[in-house]
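Asker: Model the following, please.
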Amino acid sequence: YYSVAYLLTFLFPQAEALATFTPLNMSIALVLALIFQPVKRFFDKTTNRVFYRDTYSTDTFYTEFNKSLAATANLSTLFAKAAQYISDTLKSDGVSFFAYADKRRITVGVPRAINLPPADADMLAEYTRMHQGVIALDKLQDASMRRMLVSHRVSLVLPLQYEQEVIGYLLLGAHKGAGYTPRDITTLETVSDELAIAVHNALSVYALNAATNELRASNNQLQKLDEAKDEFISMASHQLRTPLTSIKGYISMLMEGDVGKVSAEQKELLAQVLMSSERMVRLIS
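Answerer: Below is the predicted model:
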C-alpha cells in the first residue's frame, strides 16, 4: 500500500489528496491500525469490570460449572464452590444454598448464608409446589412471598428438583449491576437439573457418612448399612447419568443448528449418537 501510494504521487502530482501523502502520515496511520484492537480490548475489559456488562460465555459457564460440581462430593464444599462460581459469573452480591439433609437444615453461602426460618421455608415450599421455574422478585405477584424475599434480601430463587421433589433451593441476592437478565435466568434453569443431581449425590454421601458413624456407635443398627448400600448404588448411577445429560444437551444444540448449519447426513449421525446416549440413560436407570 505504501509503495503504490508513493508511486501515485509521481504519476499524478497535481492531485491534492496525494499531495498530503508523506511517510510520516503513513507511519502514523499504520500504527493506529495496529494498536486499535489491543486498545479496544483494554477498554472493553475495563468497562466490563466497572459496569458489569453481560459478557460471560454460556459454554464456558456450563463447562466450568460442571467441573466444580464434579470436583467434590462433600456437601458443604460443593455448595461453597458452586455458590462462589455463580456469584462471580452472574455478579450477585450473595449466593446461598438451602437444603435438608437427614432431617437437618443445611445452609451454605457466599459471602453470607441465608438461613430461612421454618415458617418462611414452608411458605417457599408451598409456593414452589404451585409454580415452576425460577422465582424472580421483580416479577413476583404474590405479596406475602415478595415481602418474605425482600426481608432476606433475595432477588432470585431456583428450586432444585430431583425426581419431581424439591430437595433444596439456590438463593441469589441483588445484582451488582443493572439487574439479572433473561439470559441469566435461562442459564440457571439450564444447569438446574445437573445441580439437583449433584446436590442429591452429595446428600446421599452426607447420609451415608452419617449412617456409617451411627453403625460404628451401635452394632444393633445393621439395617442402616443396607440402606447406605442402596444410597451408594443410587449415587453411583446418578453420577454416571450427569455427563450423559451434558452430552444429550450439546447434541440437541448441534442438531438444532445453534452452532452452525448441520447437513442432513450429519443430523442422521447425531440422531444415532443421541439415541445411543438415551439408551445408556435407560440402562443406568
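
Asker: Report the contact partners of residue 81.
Answerer: Listed by Cβ atoms under 8 Å, 6 or more residues apart in numbering, the contact set of residue 81 reads 68, 71, 72. Yep, even glycine has a C-beta here, placed from its N, CA and C like the rest.

Asker: and it, what element?
Answerer: helix 75-90 (DSSP states H and E).

Asker: for that helix, which positions count as buried?
Answerer: 75, 78, 79, 80, 81, 82, 83, 85, 86, 87, 89, 90 (16 or more other Cβ atoms under 10 Å).

Asker: Just put these in TSV and tack on pLDDT and distance to residue 129.
Answerer: Formatted as TSV, the buried residues of helix 75-90 follow (pLDDT from 0 to 100; distance: Cβ to Cβ, whole Å):
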residue	pLDDT	distance to residue 129
75	74	24
78	81	25
79	83	23
80	86	28
81	86	29
82	87	24
83	89	25
85	89	29
86	90	24
87	90	28
89	89	29
90	89	26
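
Asker: Now flag whichever of these is closest to residue 233.
Answerer: Comparing these against residue 233 with Cβ to Cβ places residue 75 closest, at 19.0 Å.

Asker: Quickly find the element holding the closest residue to the closest one other than its chain neighbours.
Answerer: Leaving aside its sequence neighbours, residue 75 sits nearest to residue 202 (Cβ to Cβ, 6 or more residues apart in numbering; 4.2 Å). Assigned by DSSP H and E, residue 202 belongs to helix 182-217.

Asker: And residue 109, by the same measure?
Answerer: strand 104-110.

Asker: so where is the stretch 51-200 of the chain shaky, pLDDT-wise?
Answerer: 51-55, 73, 102-103 (pLDDT under 70).

Asker: The residue nearest to residue 75: neighbour count?
Answerer: Counted with other Cβ atoms under 10 Å, the neighbours of residue 202 add up to 24.

Asker: Same question for residue 124.
Answerer: Neighbours around residue 124, by other Cβ under 10 Å: 23.

Asker: That one reaches residue 169, doesn't it?
Answerer: Yes. Counting by Cβ atoms under 8 Å, residue 124 does reach residue 169; the two are 6.7 Å apart.

Asker: Find the residues that touch each one of these two.
Answerer: Common neighbours of residue 124 and residue 169 (Cβ under 8 Å, 6+ apart) are residue 157.

Asker: Strand 104-110 and the helix holding residue 81, what's the angle between them?
Answerer: 40 degrees (axes from the mean of the first three to the mean of the last three Cα atoms, to 10 degrees).

Asker: Name every strand pairing with the strand holding residue 109 and say which way it goes.
Answerer: Strand pairing for strand 104-110, using DSSP bridges, gives strand 95-101 (antiparallel).

Asker: Show me which positions of the partner strand end up buried.
Answerer: Across strand 95-101, burial judged by 16+ other Cβ under 10 Å covers 95, 96, 97, 98, 99, 101.

Asker: next one: the helix holding residue 202 to chain centre, how far?
Answerer: How far helix 182-217 lies from its chain's middle: 15 Å, per Cα atoms, centre = their mean, to the nearest Å.

Asker: Show me what it is packed against.
Answerer: Helix 182-217 sits against helix 58-70, helix 75-90, strand 95-101, strand 156-162, strand 165-172, helix 223-255, with contacts defined as 3 or more Cβ pairs under 8 Å, 6 or more residues apart in numbering; DSSP states H and E.

Asker: Reformat these as a markdown table; add distance to residue 128.
Answerer: Below are the helices and strands packed on helix 182-217 laid out as a markdown table (distance: least, Cβ to Cβ, whole Å):
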| stretch | distance to residue 128 |
| --- | --- |
| helix 58-70 | 22 |
| helix 75-90 | 19 |
| strand 95-101 | 12 |
| strand 156-162 | 5 |
| strand 165-172 | 6 |
| helix 223-255 | 22 |
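
Asker: Can you tell me which of the ones you listed is nearest to residue 188?
Answerer: strand 156-162 (5.1 Å).

Asker: strands paired with that closest one, and their directions?
Answerer: For strand 156-162, the paired strands and their directions (DSSP bridges) are strand 135-136 (antiparallel), strand 165-172 (antiparallel).

Asker: Which one, of the ones you listed, ends up nearest to residue 108?
Answerer: Closest approach to residue 108 among the strands paired with strand 156-162 (Cβ to Cβ): strand 165-172, 10.4 Å.

Asker: Run the angle between the closest one and helix 182-217 for me.
Answerer: Using the same axes, to 10 degrees: strand 165-172 against helix 182-217 is 120 degrees.
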